[in-house]
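Engineer: next comes the sequence, and after it the predicted model I'd like to discuss.
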Amino acid sequence: MPVYVRKNMVITPPSLSQFSDDEDDYLTDPDQVWDLLPQPFRMINKLIYFMLDDIWEVIADRESSRIAERAKVRPPQYECAIQLQIHGQATCMSDSRDGRFIFIGLPDGLAVIDAINQQPVATWEEDGAEIVEMQVCLIGVQTYLICTLDDMGLGRLFAYADGKIHLLKIMNEQESGNKLLASKCQVSSEGDYCGVALESPSTKECWLEVHRLPRDNWLRELEAIQSQAVKSQAKGPTPSVQMEEDGVVENAHLSEERPLSAQDDAEKEDKGDRQSTSGDRSKSPGSPRVVASPGPGGGDKAAHKFSPPSMVLKVRPPPPLTACPANTPFLAAKTVDMGEVIGTGVNHSLTSQHLEHRKAVFEHLHEQYLKYLPKEQDSTFPQPTFHFLSAGRMLPNGLEQPSQEGRPSYVGVRWSGGTQLMYYSLLKTAKDFEHKPEVVCPYSDVITATGLSPCTSLLAVGLTNGIVIVWDMHIGMQRRVISLSDDAAISKLMFLNPTICPQDHDNYPPYGTKTSSYVLAWCSDGMVSLINCGMGNTTQPVIISPKITDENELLTLIEPLTGIPELILTARRNGTIFLVDVTKSHTLCQVVLPSTHELTTPWEPISAMGADGQMLFLKATQKNPNEDYIPDSGPSSIFVFQLRSFPSLDRYWRKEREEIPYITHSTMDKRIDALLKERIAQQALRQARMQKRWSNLKQELDTIQQIRDANRKRAGMRSEFEESTITRTTLLAK
């Protein structure tokens with residue numbers, strides 16, 4: 001049988017991709033073909049080699065990380081200059097809007113200190129009242145409303161005025177033996193409304209109550225209390241005050257005779273720190289100490305009665321999806337919503353058989369994947385997140401009322417694990433406090449974060465799938481929809497001062513119609529992005545901090561600096577604190593605590609800003625609690641950083657900034673006023689314009705006169721020429 005062999009045949013060599021990288025494909029030593037070690041030593045040898053390879057990879061990764069860490073440019077470090085010896089057991093801190101005071105929550109009350117000189121101003125004490133959350137807003141001239149929540153679930157409202165702390169109201173007072181716990185207590189920015197999330201352990205129910213606060217009445221009552229105190233001081237000191245003043249004078253004479261030891265000084269200072277100054281116990285620095293009988297409210301609750309708040313709204317969480325109880329189509333149609341607005345989906349016509357059939361079909365189709373789902377834990381109380389909003393075109397109720405200008409007219413509520421944001425009106429006068437929402441905004445995924453601008457005109461919503469939606473609440477339009485991450489949820493959203501954002505240039509005079517602002521988005525994987533939410537803006541977000549894989553480097557605190565809107569304060573889980581410029585994505589400096597202390601609870605730091613961002617207050621704990629570095633300082637202290645003295649921030653303090661609103665509300669009245677103002681402003685130029693116009697008109701008249709004279713001259717010359725021509729023609733004819 002003949003065999004045909006192709007001439008000049010070339011066999012294609014295998015490609016490089018088919019070669020294996022395994023070192024066992026070839027042997028450098030022919031003796032290695034046979035294993036020299038018998039079992040089980042051969043297996044032990046392979047395990048040791050595998051272990052050494054893994055260890056070497058770990059060593060190589062650590063070495064590369066060390067090299068990368070050394071290559072980084074270290075920001076300058078600034079240490080603390082002031083350590084407060086008082087209020088070391090602070091549980092929370094908050095600053096006033098004007099930056100004058102720092103309000104400190106304590107395990108047994110509340111304290112106020114001056115933000116500049118750190119001197120104690122007032123104290124309210126009650127045994128067992130450990131303040132864990134606090135919010136402060138300005139309601140009058142140097143009058144502050146303090147909203148607190150303690151560890152026992154009691155929400156209280158205080159007023160600080162004229163160096164005294166007054167207890168205004170306990171929001172969840174126990175009535176008829178029904179114990180109610182407050183999980184959240186929050187007031188509006190101007191102190192008009194207060195929202196309290198309540199839980200009933202006995203009935204396993206939770207709801208949200210919104211109360212209208214008598215702010216104006218409280219201001220008048222505080223003025224009356226102050227005037228009464230001035231009159232009583234003018235008449236003369238009370239016997240208790242006189243006794244204490246005599247005691248002070250006597251102690252002064254004793255101090256001249258015998259010098260006090262260091263222990264006596266410490267005991268005297270500690271006694272002065274524990275002295276309550278709430279109501280009758282409140283005092284200013286240098287004023288005589290007033291002795292008052294202790295009470296549950298610090299001596300002030302029994303002395304003065306303030307106007308009570310009035311409830312305007314009660315919101316319950318949406319119930320789970322259940323079948324329609326109707327038996328006939330007619331009854332089912334009556335329970336269904338009319339469809340005029342988007343509802344919550346509670347009122348529907350789906351029967352129990354339909355829901356069971358859908359569940360059975362779903363489980364049959366995805367049976368192989370359901371076993372990988374996490375087990376459902378015991379359901380806890382859903383927590384509400386709410387924001388107080390002003391009226392706009394999207395929520396028009398109260399827009400035309402002059403009395404509602406600048407005041408909240410709606411409250412936006414979302415519940416944990418929900419996909420809907422519901423808006424309720426605060427101006428309804430119905431007796432039934434529970435009513436349907438005015439507007440319901442559904443989203444494609446679970447809402448995990450919401451942020452509101454200080455003017456309540458812009459609202460940012462973050463979802464579990466990493467999408468951020470920015471709403472213009474005044475005109476009812478979406479400004480921006482952007483996806484930041486595919487595998488991380490949005491943890492926090494906050495609006496930054498628009499003075500740091502480049503503004504749009506297409507403003508139509510005499511009133512601006514567009515403004516831009518920045519939204520700072522914080523994802524669960526540690527990534528921080530800066531989003532420009534200007535109208536029609538499509539620029540990509542700026543990455544301030546990339547995705548973090550090391551758990552110790554995860555961010556636990558992000559707060560904008562009050563006096564410098566370009567900077568934010570960041571804290572990490574390892575206890576390091578930095579100041580970052582968000583406009584340049586650059587770390588300016590590091591705030592360093594003393595080597596003997598570390599940041600208290602770095603996963604939830606206790607901090608506050610004072611003196612318009614010039615002072616930074618941080619709570620720190622001793623690394624070794626057995627050593628007493630400073631006598632009688634305690635295991636924890638509050639450290640004050642003077643940010644004004646940081647050289648890296650000098651150019652930011654010197655920079656002048658123009659105040660820019662988050663959004664321009666161009667109503668018809670404001671447009672007419674703007675046009676009139678522009679007309680009046682242009683009257684100064686009217687005389688110059690009239691003179692120029694008259695001069696132009698005179699020049700035009702002179703030009704017209706010259707043209708007319710030239711035309712007349714030409715006409716005269718043409719008539720003379722015609723007469724001479726006719727005469728000559730006649731003579732020739734003769």
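Structural biologist: Cool, the structure landed. Numbering: from 1, shown residues only.

Engineer: just want the most central residue of the chain.
Structural biologist: Met494 (4.2 Å; C-alpha atoms, centre = their mean).

Engineer: that residue and Leu520 touch, don't they?
Structural biologist: Yes: counting by C-beta atoms under 8 Å, Met494 does reach Leu520; the two are 5.0 Å apart. C-beta here means a position set from N, CA and C on the backbone, and glycine is covered the same way.

Engineer: overlap of the contact sets of these two?
Structural biologist: 558, 560 (C-beta atoms under 8 Å, 6 or more residues apart in numbering).

Engineer: helices of the stretch 551-700 of the chain, start to end?
Structural biologist: Using DSSP state H, counting those that start in this stretch, the helices assigned to the stretch 551-700 of the chain run over residues 650-654, 668-681, 686-733.

Engineer: redo these as CSV? Include mean neighbour count.
Structural biologist: Output for these, formatted as CSV (neighbours: other C-beta atoms under 10 Å):
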stretch, mean neighbour count
helix 650-654, 12
helix 668-681, 11
helix 686-733, 9
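
Engineer: redo the ones you listed as JSON lines? Include distance to Asn45 and mean pLDDT.
Structural biologist: Shown next, in JSON lines, are these (distance: least, C-beta to C-beta, whole Å; pLDDT from 0 to 100):
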{"stretch": "helix 650-654", "distance to Asn45": "63", "mean pLDDT": "90"}
{"stretch": "helix 668-681", "distance to Asn45": "85", "mean pLDDT": "75"}
{"stretch": "helix 686-733", "distance to Asn45": "100", "mean pLDDT": "76"}
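
Engineer: for Leu452, find the nearest of those helices.
Structural biologist: helix 668-681 (22.6 Å; C-beta to C-beta).

Engineer: how much space is there between the residue lying closest to Gly610 once chain neighbours are set aside and Val136?
Structural biologist: Spatial nearest neighbour of Gly610, excluding adjacent residues (C-beta to C-beta, 6 or more residues apart in numbering): Ala115 at 3.1 Å. Distance of Ala115 to Val136, given as C-beta to C-beta, to the nearest Å: 12 Å.

Engineer: now do the shared contacts for these two.
Structural biologist: Taking C-beta under 8 Å, 6+ apart as the contact rule, Ala115 and Val136 both touch 95-96.

Engineer: pretty sure Gln83 contacts Ser637?
Structural biologist: Yes: using C-beta under 8 Å, Gln83 makes contact with Ser637 at a distance of 5.3 Å.

Engineer: what about these two, which has more around it?
Structural biologist: Counted by other C-beta atoms under 10 Å, Gln83 and Ser637 do not tie: Ser637 has more neighbours, with 27 against 17.

Engineer: who does the more buried one form a beta bridge with?
Structural biologist: On the basis of DSSP bridges, Ser637 is bridged to Ala620.

Engineer: how about it, what does it touch?
Structural biologist: By C-beta under 8 Å, 6+ apart, the residues touching Ser637 are 83-85, 88, 597, 619-620.

Engineer: go again with 7 Å.
Structural biologist: Residues in contact with Ser637, defined by C-beta atoms under 7 Å, 6 or more residues apart in numbering, are 83-84, 88, 620.

Engineer: try His597
Structural biologist: If you count contacts by C-beta under 7 Å, 6+ apart, His597 has them with 620-623.

Engineer: which intervals of the stretch 101-250 of the chain have sub-threshold pLDDT?
Structural biologist: Where the stretch 101-250 of the chain drops to pLDDT under 70, the residues are 175-177, 236-250.

Engineer: what about the strands in it?
Structural biologist: Per DSSP state E, counting those that start in this stretch, the stretch 101-250 of the chain carries strands over the ranges 101-106, 109-114, 120-125, 131-140, 143-150, 155-161, 164-170, 181-187, 193-200, 205-212.

Engineer: remind me which residues of the stretch 251-400 of the chain are low pLDDT?
Structural biologist: Those would be 251-303, 337-341, 376-379, 399-400, if you go by pLDDT under 70 across the stretch 251-400 of the chain.

Engineer: let's go with 80 and repeat that
Structural biologist: Applying pLDDT under 80 to the stretch 251-400 of the chain picks out residues 251-304, 321-349, 373-380, 392-400.

Engineer: please, where are all the helices along it?
Structural biologist: So, for the stretch 251-400 of the chain - with DSSP H, counting those that start in this stretch - the helices run 262-274, 329-335, 352-365, 367-370.

Engineer: quick one on the thing from earlier: so the residue nearest to the centre of the chain lies in a strand, does it not?
Structural biologist: Yes: membership of Met494 in a strand is supported by DSSP: H, G, I helix; E, B strand; the rest coil.

Engineer: residues contacting it?
Structural biologist: Contacts of Met494 by C-beta under 7 Å, 6+ apart are 451, 520, 560.

Engineer: same question for Glu553.
Structural biologist: So Glu553 contacts 572, 574 (C-beta under 7 Å, 6+ apart).

Engineer: Gln404 too?
Structural biologist: 391, 398.

Engineer: for Tyr424, see how far away it is.
Structural biologist: Distance, Gln404 to Tyr424, using C-beta to C-beta: 15 Å.

Engineer: list the ones among the contacts of Ser637 that fall in strands.
Structural biologist: Applying DSSP state E to these, the entries found in strands are 83-84, 620.

Engineer: sorry, back to before: closest one to Arg358 among the helices of the stretch 551-700 of the chain?
Structural biologist: helix 668-681 (51.1 Å).

Engineer: send the alpha carbons of the closest one over as PDB?
Structural biologist: Extracted C-alpha coordinates of helix 668-681, given in PDB (Å, rounded to 0.1, in the frame of the first residue of the first chain):
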ATOM      1  CA  MET A 668     -42.400  85.700  40.700                       C
ATOM      2  CA  ASP A 669     -42.200  88.300  43.500                       C
ATOM      3  CA  LYS A 670     -38.500  87.900  43.800                       C
ATOM      4  CA  ARG A 671     -38.100  88.300  40.000                       C
ATOM      5  CA  ILE A 672     -40.100  91.500  40.000                       C
ATOM      6  CA  ASP A 673     -38.100  92.900  43.000                       C
ATOM      7  CA  ALA A 674     -34.900  92.000  41.200                       C
ATOM      8  CA  LEU A 675     -36.000  93.800  38.100                       C
ATOM      9  CA  LEU A 676     -37.000  96.900  40.000                       C
ATOM     10  CA  LYS A 677     -33.700  96.900  41.900                       C
ATOM     11  CA  GLU A 678     -31.800  96.600  38.700                       C
ATOM     12  CA  ARG A 679     -33.800  99.500  37.200                       C
ATOM     13  CA  ILE A 680     -33.100 101.700  40.200                       C
ATOM     14  CA  ALA A 681     -29.400 100.800  40.100                       C
END
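
Engineer: how far is it from where the chain is centred?
Structural biologist: On the basis of C-alpha atoms, centre = their mean, to the nearest Å, helix 668-681 sits 35 Å off its chain's mean C-alpha point.
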